[in-house]
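Student: My questions are about this predicted structure, shown below with the sequence.
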Amino acid sequence: MRSYRRNLPHWYPEGTAVFVTWRLYGTLPRGKRPPDPTDGGAFQRWDRELDRAGFGPACLNQSEVAASVQQVIHAAEVERGLCKLHGFVVMPNHVHALLTPQRDLWQVTKWIKGASARRANQMLGRSGAPFWQDESFDHWVRTSSEFEHILNYIAMNPVRAGLVSEPSQWPFSSWTNPTATG
């Protein structure tokens, strides 16, 4: 059993896949809070709000920035051995990933968010500006059917958001580069 603490205590069984979502800094209006991790309906409403990208930055809609984040996510698995990546999508203002951590989850997300923030801020000509929101949403996968449901949820995110009509059309996901996940 592994655990870590931010605003909430997080725990999950070692070797278990985890669904993780993180968003750009400033993408929630003041006074709004991310959903309770135990309320799946609230998470879906929150995710639809993020999909609309109606508030705050959406710099991941710039191809070079999104591609850079995608490269860092791949590097977390291939170069760093931090996780086994099952699927991911980089949306205009947030990222969904399904992965099995090979280290503590906080170390995986800290490295991905830190490395991608440095690259993105360089591309955007910003220095020292916060890029990602500190807190991430995470949920450990309990069954194989839940695993498949989450993979489908991630794949269909750009379709539900109205960005493409098929998952394979979205260039910043594991469905356009299937050799990157397994």
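Tutor: Arrived safely.
Student: so where's the chain shaky on pLDDT?
Tutor: Along the chain, segments meeting pLDDT under 70 span 1-11, 28-55, 177-182.
Student: Q107: what's it in contact with?
Tutor: 82, 101 (C-beta atoms under 8 Å, 6 or more residues apart in numbering). Placement of C-beta: from N, CA and C, glycine included.
Student: buried ones in the helix or strand harbouring it?
Tutor: Using DSSP states H and E, Q107 maps to helix 105-123. Buried residues in helix 105-123, counted by 16 or more other C-beta atoms under 10 Å: 105-106, 108-109, 111-113, 115-117, 119-121.
Student: Any chance of JSON lines for those, columns distance to V89?
Tutor: Below are the buried residues of helix 105-123 laid out as JSON lines (distance: C-beta to C-beta, whole Å):
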{"residue": "L105", "distance to V89": "19"}
{"residue": "W106", "distance to V89": "22"}
{"residue": "V108", "distance to V89": "17"}
{"residue": "T109", "distance to V89": "16"}
{"residue": "W111", "distance to V89": "19"}
{"residue": "I112", "distance to V89": "14"}
{"residue": "K113", "distance to V89": "16"}
{"residue": "A115", "distance to V89": "18"}
{"residue": "S116", "distance to V89": "14"}
{"residue": "A117", "distance to V89": "18"}
{"residue": "R119", "distance to V89": "18"}
{"residue": "A120", "distance to V89": "17"}
{"residue": "N121", "distance to V89": "22"}
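Student: now, among these, which is nearest to F137?
Tutor: T109 (10.6 Å; C-beta to C-beta).
Student: Can you show me the helices along the protein?
Tutor: 40-52, 63-78, 105-123, 144-160 (DSSP state H).
Student: Please export the C-alpha coordinates of the longest one as PDB.
Tutor: Extracted C-alpha coordinates of helix 105-123, given in PDB (Å, rounded to 0.1, in the frame of the first residue of the first chain):
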ATOM      1  CA  LEU A 105       2.500   8.500  -7.700                       C
ATOM      2  CA  TRP A 106       3.500  11.900  -6.300                       C
ATOM      3  CA  GLN A 107       7.000  11.300  -7.800                       C
ATOM      4  CA  VAL A 108       5.600  10.400 -11.200                       C
ATOM      5  CA  THR A 109       3.300  13.400 -11.400                       C
ATOM      6  CA  LYS A 110       5.900  15.800  -9.900                       C
ATOM      7  CA  TRP A 111       8.400  14.800 -12.600                       C
ATOM      8  CA  ILE A 112       5.900  15.000 -15.500                       C
ATOM      9  CA  LYS A 113       4.400  18.300 -14.400                       C
ATOM     10  CA  GLY A 114       7.800  19.800 -13.500                       C
ATOM     11  CA  ALA A 115       9.500  18.800 -16.800                       C
ATOM     12  CA  SER A 116       6.600  19.700 -19.000                       C
ATOM     13  CA  ALA A 117       6.000  23.100 -17.200                       C
ATOM     14  CA  ARG A 118       9.700  24.100 -17.700                       C
ATOM     15  CA  ARG A 119       9.500  23.200 -21.400                       C
ATOM     16  CA  ALA A 120       6.100  24.900 -21.900                       C
ATOM     17  CA  ASN A 121       7.100  28.100 -20.100                       C
ATOM     18  CA  GLN A 122      10.200  28.300 -22.200                       C
ATOM     19  CA  MET A 123       8.100  27.900 -25.400                       C
END
